[in-house]
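**Student:** coords please:
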Amino acid sequence: LVMAPENLSNKALFAIDQFLMRGGSVMIATSPFAVNISQSLSARQQQSGLDKWLAHYGLSIAPRMVLDPRNAALPLPVERNVGGITLREVRMLPYPYFPDLRGNQLSPDNPVTAQLGQLTLNWASPVTINSKQAGNRDISQLLTSSADSWSSASSNLVPDYRGYPTNGFKLEGKQQSYPLAVAETGSFDSFFAGKPSPLLADNGATNTANTKSAAKADTDNSFGGVIAHSPESARLILVASNGFASDAAL
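**Tutor:** Numbers count the residues shown, from 1 in each chain. Predicted coordinates for the structure are as follows:
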């Protein structure tokens, strides 16, 4: 389970890859954006270090976020005038960056999502599937936004209900359904197949240690070896959101 990774090292990526090659199930929650909700709502670019690795398996995440008119509410401070006195109160207002997923938006064919009933996915991005790269592996769209959704690359996440009373944000581009989470199952070819193990990389101060490690690898292939293929039981689950399970979002 890899949550909101940032700038993963090659060794960390290798560890995830080889766990998958052993037939494990890898679930990754990642997005090109990190959302700051301390003072105000804003997003910054975040590099996970997973882009090339995911693309190798036919998955990519667009550098945009999905807005859905079917959404959960966000508590926001609102000012109102009562007898000349300005009062501030918190109201629950519709927030398109919180897609409210129900019914067939939750895959009925997968046991993970079939019994959920409802799920809110905060600040999610669209997933693109490259069928050619995925090969014969089975790919299921676990979570999808509604057909009225749109996407935006804006880093401003503060709604403007005066300018856009319905949803708080300007409608951009074509409205369509977007995959927000996918599961890929089957036999995977390692991203590191045919490459030396990053665990044996020559790295300055660890030069001597690596030499000893390389010598050990001659007799113990479990350290220096690379598992090139996975069994059919391997599973990769991608949820295109960094913060949906964070304490702040919950």
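**Student:** When you work out contacts or count neighbours from here on, use the C-alpha atoms and nothing else.
**Tutor:** Will do.
**Student:** Mind jotting down where the helices sit in this structure?
**Tutor:** When assigned using DSSP state H, the helices of the chain occupy the ranges 10-21, 51-56, 111-114, 131-134, 207-219, 221-224.
**Student:** Mean pLDDT lowest where, among those helices?
**Tutor:** Ranked by mean pLDDT, the helices of the chain end with helix 207-219 in last place, scoring a mean of 45.
**Student:** Packing partners of the longest strand along the chain?
**Tutor:** Ranked by number of residues, the top strand in the chain under DSSP state E is strand 85-102. Counting contacts by 3 or more CA pairs under 8 Å, 6 or more residues apart in numbering; DSSP states H and E, strand 85-102 packs against strand 65-67, strand 71-82, strand 118-120.
**Student:** can you do 10 Å?
**Tutor:** In terms of contacts (3 or more CA pairs under 10 Å, 6 or more residues apart in numbering; DSSP states H and E), strand 85-102 is packed against strand 65-67, strand 71-82, strand 118-120, strand 138-144, strand 150-152.
**Student:** which one of those strands lies closest to residue 181?
**Tutor:** Closest to residue 181 of the helices and strands packed on strand 85-102 is strand 138-144 (CA to CA; 4.9 Å).
**Student:** Contacts only, for residue 92.
**Tutor:** Taking CA atoms under 10 Å, 6 or more residues apart in numbering as the definition of contact, the neighbours of residue 92 are 72-78.
**Student:** what's the answer for residue 184, then?
**Tutor:** Residue 184 is in contact with 25-26, 57-59, 134, 137-141, 234-238, counting by CA under 10 Å, 6+ apart.
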